[in-house]
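Peer 1: below is the sequence, then the predicted model.
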Amino acid sequence: MDNPPASAPLTLHLYCRVDVLVTDAQALADRVVAELRDADIDWSKEDDDLESATAELRGNVAVSLGAVADISRMVEDVPGVEFRGGLCWSEPGPPREMFSPASQQ
């Protein structure tokens, strides 16, 4: 692939999969709930409230893990690279078939 002129922006797609072992679900939930409480959220504009959001996070380790993942930090402080958006989610169980090593052979 030829590089564009230095002044022309280049959009790239970065796909990631991260395996994580959670050994202390309570500590994870405590962290994400603390971040939620510190966030500047106008709860009057949300479908739920702080208490119900906290209960959801404490009740589902996968949701909690997805909430603390900050994929924008992957390119933080890299000159000439701007994080434009992305998606991070967590699901229990084995990886989806399309992400399994066997499907990539």
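Peer 2: On my side now, so go ahead.
Peer 1: ramachandran angles for residue 37?
Peer 2: phi -60, psi -30 (degrees, to the nearest 10).
Peer 1: over to residue 62?
Peer 2: phi -70, psi -40.
Peer 1: and it, how far from residue 12?
Peer 2: For residue 62, the distance to residue 12 equals 28 Å [CB to CB, to the nearest Å]. For glycine as for every other residue, the C-beta is placed from the backbone atoms N, C-alpha and C.
Peer 1: the two - which one has more neighbours?
Peer 2: Relative neighbour count places residue 62 above the other of residue 62 and residue 12, with 13 against 6, counting by other CB atoms under 10 Å.
Peer 1: my guess is that one contacts residue 92. True?
Peer 2: Yes. Between residue 62 and residue 92 there is a contact under CB atoms under 8 Å: 5.2 Å.
Peer 1: which parts of the chain are helices?
Peer 2: Taking DSSP state H to define them, one finds helices in the chain at 25-38, 50-59, 61-68.
Peer 1: list the buried ones in the last one?
Peer 2: For helix 61-68, the buried set under the neighbour-count rule, 16 or more other CB atoms under 10 Å, comprises 61, 63, 64, 65, 66, 67.
Peer 1: list just the nearest of these to residue 18.
Peer 2: Using CB to CB, residue 65 comes nearest to residue 18 of these, at 9.7 Å.
Peer 1: how about the closest one, nearest residue that isn't a chain neighbour?
Peer 2: residue 90 (4.2 Å; CB to CB, 6 or more residues apart in numbering).
Peer 1: got the contact list for the one you found?
Peer 2: 20, 62, 63, 65, 66, 69 (CB atoms under 8 Å, 6 or more residues apart in numbering).
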